[in-house]
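A.B. asks: structure here, sequence nowhere to be found:
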């Protein structure tokens, strides 16, 4: 399905959240134009592999702002969606604020703190937003392995809001203004836990049936057998059925130690073969390369050179270089 076919997204963002959001919109069929300063998106030199992967399928236009704002506004006039990720007020100063685009255009701002008065101009990156949002409470000082605020709260949050805004535009003919706060949206990911936890630290080691264990070869496997039926079957298959009655015992550390001893008796591959398709909620901790071989895209991303589409767009829009 290409539900956004014939839609144009003009993306002024830098770094990860906007690039990821644009990539998702591109996957849904949108034509994406990434507008970059003459030096390019800073992610090009600092994380070139990430940039290439997220830029695939998009177009690159170089535009110096605010001196060449007329070119940027001409692009926006064609856009169904304009995406920006500057701190509040910057896009307006650059000449590409929400009042500078047609009222029919969906205008989305990905921000750190939205319009929160105390924090709206505060500088930050993913880790800062997660800290403010209460996401790191259980794991600090440990660091998360992915950028939850950038990708889940920011990029996917923006994607969902943009899709909803396009539906509203289809009904009303007007393009809504959307403001995404990575901090607020990150907090939303944990807000359901404010009323308390079924078990203290349930997601971070508080339960023996929801942990990562080491196999004999040093590889690791995940156990997520929260439901009693899954845990009972797991303990039967490891020939320790008596452990099934202890799933929610108070002494979870002792139960985990028993399971750890069991899992250290075989290599990871042996365990996966042993469990097969049984309903036990067990899996491997694969490397990214291993996961990509099964679940990833088979197509290698094609690099999009900086400014490769600038002249084509200038000619089409009839805008001379500033």
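C.D. replies: Arrived safely. Everything numeric here is computed off the predicted structure, so don't read it as measured data.
A.B. asks: residue 23 is in contact with residue 54, isn't it?
C.D. replies: Yes: using CB atoms under 8 Å, residue 23 makes contact with residue 54 at a distance of 4.8 Å. The C-beta positions use only the backbone N, C-alpha and C, and glycine is treated the same way.
A.B. asks: of these two, which one has the most company?
C.D. replies: Neighbour count, other CB atoms under 10 Å: between residue 23 and residue 54, residue 54 has more, with 24 against 20.
A.B. asks: and that one, what helix or strand is that in?
C.D. replies: In the assignment (DSSP states H and E), residue 54 maps to helix 48-55.
A.B. asks: now swap in residue 305 and tell me
C.D. replies: Assigned by DSSP H and E, residue 305 falls outside every helix and strand.
A.B. asks: quick one: the strands in this protein?
C.D. replies: Under the criterion DSSP state E, the chain contains strands at 8-11, 31-36, 59-62, 81-84, 106-111, 177-181, 210-214, 220-224, 282-284.
A.B. asks: would you list those strands in CSV and tack on distance to residue 130?
C.D. replies: Formatted as CSV, the strands of the chain follow (distance: least, CB to CB, whole Å):
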stretch, distance to residue 130
strand 8-11, 24
strand 31-36, 26
strand 59-62, 30
strand 81-84, 22
strand 106-111, 15
strand 177-181, 13
strand 210-214, 21
strand 220-224, 22
strand 282-284, 25
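A.B. asks: wait, which of those strands is closest to residue 142?
C.D. replies: strand 210-214 (13.1 Å; CB to CB).
A.B. asks: what about the closest one, distance to the chain center?
C.D. replies: Relative to its chain's centre, strand 210-214 lies at 25 Å (CA atoms, centre = their mean, to the nearest Å).
A.B. asks: name the helices or strands packed onto that strand?
C.D. replies: In terms of contacts (3 or more CB pairs under 8 Å, 6 or more residues apart in numbering; DSSP states H and E), strand 210-214 is packed against strand 220-224, helix 252-263.
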